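Colleague: Curious how this folds, go ahead:
(one chain, ligands or ions: 1)
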Amino acid sequence: MTNYKIETKCIQSGYIPENGEARVLPIYQSTTFKYNSGQLMGDLFDFKADGHFYTRLSNPTVEAVEKKIADLEGGIGAMMTSSGQAASLIAITNICKAGDHIISSNSIYGGTFNLFSVTLKKLGIDFTFIDPDMSSDEIEKCFKKNTKAVFGEILANPALSVFDIEKFADIAHKHKVPLIVDNTFPTPYLCRPIEYGADIVIHSTSKYMDGHAVSLGGVIVDSGNFNWANGNFPDFTEPDESYHGLVYVEHFGKAAYIAKARAQLMRDLGSTPSPNNAFLLNLGLETLHLRMERHSENALKVAEFLEADDRINWVNYPSLKSNKYYDIAKKYLPKGCSGVISFGIKGGKEAAIKFMESLKIAALVVHVADARTSVLHPASTTHRQLSDEQLIASGVPADLIRMSVGIENSDDIISDIKQALNNI
Ligand SMILES: *Cc1c(COP(=O)(O)O)cnc(C)c1O
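Modeller: Just a heads-up that it's a prediction; the model follows:
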């Protein structure tokens, strides 16, 4: 499907029915698959034949959605996971182990920050968190002999900083390590990081890709562009004793990254998506292009309304001309910046809580990035594990309200905000 435009890929990629088969992607709700010969099943285990044998490793419904997402991102392959957290975990542990080091932007999702700074640290992987707006020279100084990857979030949740993909790709490649990016908020409709040099792209599909807040999921997409045989990644070029001596780069060539993630880590960790969730995700993806366009349009209207209201201290949305990231957003996110905005209300925490409780359309939920408008006060909820210093470092001041602008009528959303502001 590589020649079609992204709107067509959202609908058509991944599942192509044969004569007489279901028009819509079927749900293969089966843990296992039948074969007539032991030889054939053995060949499947040895990667000598294509096919499914156990849903922990692969499933036809899941595979179709993986193909669609790989096509949307312009990657060579993809692997779905049970959640976005599992995607981050596997993307990192597929290329590093205890004793290795990673450079990560500090402007990332709170859950990712905890995974890196607490759990992976306990497993012996060392992280240096940096301000992504640092100069290339300053970033260069953070590299160590054991650095194995650079990580960042394209449109950070909830700081909404925009990640300079080309700057980081150049630095990472100079040091022979891959750039891994989280593209959850833009989705491939608003930004395709591989086109700017990212090597691995991960997503929490629980957000805009699913789009309806019905299924948790994650995905890892490989660009196929990184040279895993450059000497820095022996696990790709030396025999895998847990897979009777398989050498990933030799056997899979450019597709080695996802093959290894599946053969080793999905096998051992089992953070597998369910076929039913993959089906729901696919339904979401079929309207991704329409939804992202409307989310971005509505969010800009709401952001402009809030910016003009003197009861609001500040508004953060990269599509606003006043925004620090306006120029870089124009470059990487020319079609818009998704539905998520943040702002601070005069009157501090108390006013923020009164405001949120007065909203009628917008609901107070932890989730963001689905069709319905929602609000959240991160400092008292999603980010409550972070200290005051960490909150500031991740760009989440205590008065910040995050609003995920839905695809309802924008006049109705703005009227709802007006009446809630009047109620403070
Ligand atoms: C939600 C989110 C995650 C984690 O995904 P889950 O599906 O909730 O596990 C990772 N990154 C970003 C940017 C997110 O918004």
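
Colleague: doesn't Val150 fall inside a strand?
Modeller: Yes: applying DSSP: H, G, I helix; E, B strand; the rest coil, one finds Val150 inside a strand.

Colleague: Quick check: closest non-adjacent residue to it.
Modeller: Distance criterion CB to CB, 6 or more residues apart in numbering; nearest residue to Val150, sequence neighbours excluded, is Ala172 at 4.2 Å. Every residue, glycine included, has its C-beta placed from N, CA and C.

Colleague: dump the residue contacts of that neighbour.
Modeller: Residues in contact with Ala172 (CB atoms under 8 Å, 6 or more residues apart in numbering) are 149-150, 178-179, 199.

Colleague: one more time with 10 Å, if that's ok
Modeller: Each residue near Ala172 by CB atoms under 10 Å, 6 or more residues apart in numbering is listed here: 103, 139, 143, 147, 149-152, 178-180, 197-199, 226.

Colleague: Ala329: which of those residues is nearest?
Modeller: Distance to Ala329 across the contacts of Ala172 (CB to CB) is lowest for Gly152, with 14.8 Å.

Colleague: ok, the nearest residue to Pro318 once chain neighbours are set aside - how many residues close by?
Modeller: If the residues on either side of it in the chain are set aside, Pro318 comes closest to Ala329, at 3.7 Å by CB to CB, 6+ apart. By the measure other CB atoms under 10 Å, the count of residues near Ala329 is 24.

Colleague: In the helix or strand encompassing Ala329, which residues are buried?
Modeller: For Ala329, the host element (DSSP states H and E) is helix 326-332. Under the neighbour-count criterion of 16 or more other CB atoms under 10 Å, helix 326-332 has 328-329, 332 buried.

Colleague: Same check on stretch 175-183?
Modeller: Residues of stretch 175-183 classed as buried: 175, 177-183 (neighbour count, 16+ other CB under 10 Å).

Colleague: Stretch 119-136 too?
Modeller: For stretch 119-136, a neighbour-count test (16+ other CB under 10 Å) marks 120, 125-130, 132-133 as buried.

Colleague: Stretch 397-415 now?
Modeller: For stretch 397-415, a neighbour-count test (16+ other CB under 10 Å) marks 397-408, 410, 413-414 as buried.

Colleague: mind listing which of those residues are in strands?
Modeller: Judged by DSSP state E, those include 400-404 as members of strands.

Colleague: could you pull out the strands for the stretch 51-200 of the chain?
Modeller: If DSSP state E, counting those that start in this stretch is used as the criterion, the strands of the stretch 51-200 of the chain fall at 77-81, 101-105, 126-130, 147-153, 179-182, 200-204.

Colleague: pull the helix or strand with minimum mean pLDDT from the chain.
Modeller: In the chain, no helix or strand scores lower on mean pLDDT, DSSP states H and E than helix 388-393, which sits at a mean of 73.

Colleague: At the contact with the ligand, which residues of the stretch 51-200 of the chain appear?
Modeller: Neighbours of the ligand within the stretch 51-200 of the chain, by CB under 6 Å from any ligand atom: 83-85, 109, 111-112, 153, 157, 182, 184.

Colleague: how about those in a markdown table, adding pLDDT and distance to Pro378?
Modeller: A markdown table is the format used below for those (pLDDT from 0 to 100; distance: CB to CB, whole Å):
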| residue | pLDDT | distance to Pro378 |
| --- | --- | --- |
| Ser83 | 98 | 19 |
| Gly84 | 98 | 17 |
| Gln85 | 98 | 17 |
| Tyr109 | 92 | 11 |
| Gly111 | 93 | 12 |
| Thr112 | 97 | 14 |
| Glu153 | 98 | 15 |
| Asn157 | 89 | 9 |
| Asp182 | 98 | 17 |
| Thr184 | 98 | 16 |
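
Colleague: So of the residues you listed, which two are at opposite extremes in space?
Modeller: It's Ser83 and Glu153 that sit farthest apart of those, by CB to CB, at 16.2 Å.

Colleague: Who has more neighbours out of the two?
Modeller: Shown here are Ser83 and Glu153; by other CB under 10 Å, Glu153 has more neighbours (24 against 19).

Colleague: For the more buried one, list each beta-bridge partner.
Modeller: Applying DSSP bridges to Glu153 gives these bridge partners: Asp182.

Colleague: ok, it - contacts?
Modeller: 104-105, 107-109, 112, 132, 159, 161-163, 181-186, 202.

Colleague: same thing but 7 Å
Modeller: Counting by CB atoms under 7 Å, 6 or more residues apart in numbering, Glu153 touches 105, 107-109, 163, 181-182.

Colleague: One more: Met41?
Modeller: 35, 53.

Colleague: Can you classify it as helix, strand or coil?
Modeller: The local conformation at Met41, judged by three-state DSSP, is helix.

Colleague: This protein - how does it break down into domains?
Modeller: 6-284, 289-422 (automatic domain parsing).

Colleague: leaving aside the residues next to it on the chain, what's closest to Leu25?
Modeller: By the measure of CB to CB, 6+ apart, the closest residue to Leu25 outside its immediate chain neighbours is Tyr15, 4.3 Å from it.

Colleague: If you average the pLDDT over stretch 127-140, what comes out?
Modeller: Mean pLDDT, computed over stretch 127-140, is 97.

Colleague: Then stretch 22-32?
Modeller: Computed over stretch 22-32, the average pLDDT equals 98.

Colleague: where do the helices sit along the stretch 101-250 of the chain?
Modeller: Applying DSSP state H, counting those that start in this stretch to the stretch 101-250 of the chain gives helices spanning 110-114, 121-122, 136-140, 165-174, 187-190, 234-237, 248-252.

Colleague: how about JSON lines for the ones you listed, with distance to Asp309 added?
Modeller: JSON lines is the format used below for the helices of the stretch 101-250 of the chain (distance: least, CB to CB, whole Å):
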{"stretch": "helix 110-114", "distance to Asp309": "28"}
{"stretch": "helix 121-122", "distance to Asp309": "43"}
{"stretch": "helix 136-140", "distance to Asp309": "38"}
{"stretch": "helix 165-174", "distance to Asp309": "33"}
{"stretch": "helix 187-190", "distance to Asp309": "27"}
{"stretch": "helix 234-237", "distance to Asp309": "54"}
{"stretch": "helix 248-252", "distance to Asp309": "55"}
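
Colleague: which of the buried residues of stretch 397-415 lies closest to Asn3?
Modeller: The nearest member of the buried residues of stretch 397-415 to Asn3, counting by CB to CB, is Ile407 at 29.1 Å.

Colleague: if I read this right, that closest one contacts Arg294, doesn't it?
Modeller: Yes: here Ile407 reaches Arg294: they are 4.5 Å apart, a contact under CB atoms under 7 Å.

Colleague: All set, thanks.
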